[in-house]
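Make a model of this:
(chains A, B, C and D)
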Number of protein chains: 2
Amino acid sequence: MSPLRADAQRNYDAVVSAARAAFAANGTQSSLDDIAEQAGVGNATLYRHFPTRDSLIVETLRLPLAELAAVARELGDSTDPRAALREWVVQLAAALADWNGLADAVAASLTDEGSALRLACQPLQLATFKLLTRAQDASGARRDLTAEELFDLTLAVAWRGGTSRYADLLFDTLN
Amino acid sequence: MSPLRADAQRNYDAVVSAARAAFAANGTQSSLDDIAEQAGVGNATLYRHFPTRDSLIVETLRLPLAELAAVARELGDSTDPRAALREWVVQLAAALADWNGLADAVAASLTDEGSALRLACQPLQLATFKLLTRAQDASGARRDLTAEELFDLTLAVAWRGGTSRYADLLFDTLN
DNA sequence: ACCTGAACACCGTTCAAGT
DNA sequence: ACCTGAACACCGTTCAAGT
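From the prediction side, this is the model:
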């Protein structure tokens, strides 16, 4: 929790910026050595700050995750729980499809107990649970579907591109 | 098309056997060097016979692909086109989920023009088209869904394990 | 404390040399 | 014709040496 030394902070930020650019351009499987080089930093410095690829992905996802959290809060107040759930699925699928390989990374993290990415996704799973339950209580979604299943299927939609077409098809499943 | 020399044929078969065992145990991303070693063959011999990983996967899939083709033929004669389509989706998803990484390999091959795996999957896509069209003509499936979309979504179901639960949920989309 | 380049083990792919 | 081990370039990860 102690603040980083100034040069360490600079390196940290440079790595995160380079990682974001590399992930956007070449997906989350981008070479970590390349990212370190783009950041103008020794490769071991990257590992010092981010011992796992997941931990680096999580840091680059900070903003999108915050945005999704805001979306979930808004939708939780909607007067149309069914429409709110639809919108959530669409936005979640789109966000998880933003970078190539991200859906794979998230899916793998779900079975990796200590993963930082898994931890970072828990708010998304919780939001899915809340919005699904609310829709079910308003008879806006079938009762035999669990939040785990819906999150998993949304992830699968993201894996195939995260288009709203597929998200809509998935949503039609909820009737 | 000329037959292989006897020792070459032996090596070929040994590689395919070792690949099948490795794919079943560790997924389709198994190390090719390991497979060659397990087969008791130099690594370059593996490459001589299978210039790409996809081509090796296709050869190991020969039997399951033939079985799926037989299933498709049977279902094409069913008197209940809607039930037949459901069964096809369930079986296709299960087959594509049989090995870890197989769904990823197939998905990647779809955008890889010269892939042997893409070619090998074309009969599956054609069967999906035929069975979907037949169900649609019998008012057993929504008309706004294309065979490409259904195949793609079935692949996504396979990616998440290929359980019949998910295949059923996907099927409920077809109403 | 933090950084660095090099080392290590691994992988996919290619090639010169063998029979 | 076919096989082989070694070579090459690459990657993730770790470590001894620096400041």
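
near chain B, which residues of chain A show up?
Taking CB under 8 Å from any CB of the partner chain as the contact definition, chain A meets chain B at A:104, A:107, A:145, A:149, A:152-153, A:155-157, A:159-160, A:165-166, A:169-170, A:172-173, A:175. Where C-beta positions appear, they are placed from N, C-alpha and C, glycine not excepted.

Any of the residues you listed buried? List them.
Neighbour-count burial (16 or more other CB atoms under 10 Å in any protein chain shown) applied to these gives A:104, A:107, A:145, A:149, A:152-153, A:155-157, A:159-160, A:166, A:169-170, A:173.

Pick out the most distant pair among the residues you listed.
Farthest-apart pair in those is A:104 and A:145; separation 23.6 Å (CB to CB).

which ones are touching the residue most central in space within chain A?
Chain A has residue A:96 as the residue nearest its centroid, 5.2 Å off, counting by CA atoms, centre = their mean. Under the criterion of CB atoms under 8 Å, 6 or more residues apart in numbering or on different chains, the neighbours of residue A:96 are A:102, A:103, A:106, A:154, A:155, A:158, A:162.

other SSEs contacting the helix or strand harbouring the third one?
Counting by DSSP states H and E, the element that carries residue A:106 is helix A:102-109. Here helix A:102-109 is seen to pack against helix A:53-60, helix A:81-96, helix A:116-137, helix A:147-159 when contacts are counted using 3 or more CB pairs under 8 Å, 6 or more residues apart in numbering or on different chains; DSSP states H and E.

can you give me the angle it makes with helix A:116-137?
When axes from the mean of the first three to the mean of the last three CA atoms, to 10 degrees is applied, the directions of helix A:102-109 and helix A:116-137 differ by 100 degrees.

Buried residues, helix A:102-109. List them.
Neighbour counts over helix A:102-109 (16+ other CB under 10 Å) mark A:102, A:103, A:104, A:105, A:106, A:107, A:109 as buried.

Let me have these in CSV, extended by pLDDT and distance to residue B:115.
CSV is the format used below for these (pLDDT from 0 to 100; distance: CB to CB, whole Å):
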residue, pLDDT, distance to residue B:115
A:102, 98, 23
A:103, 98, 21
A:104, 97, 19
A:105, 97, 24
A:106, 98, 26
A:107, 97, 23
A:109, 96, 28
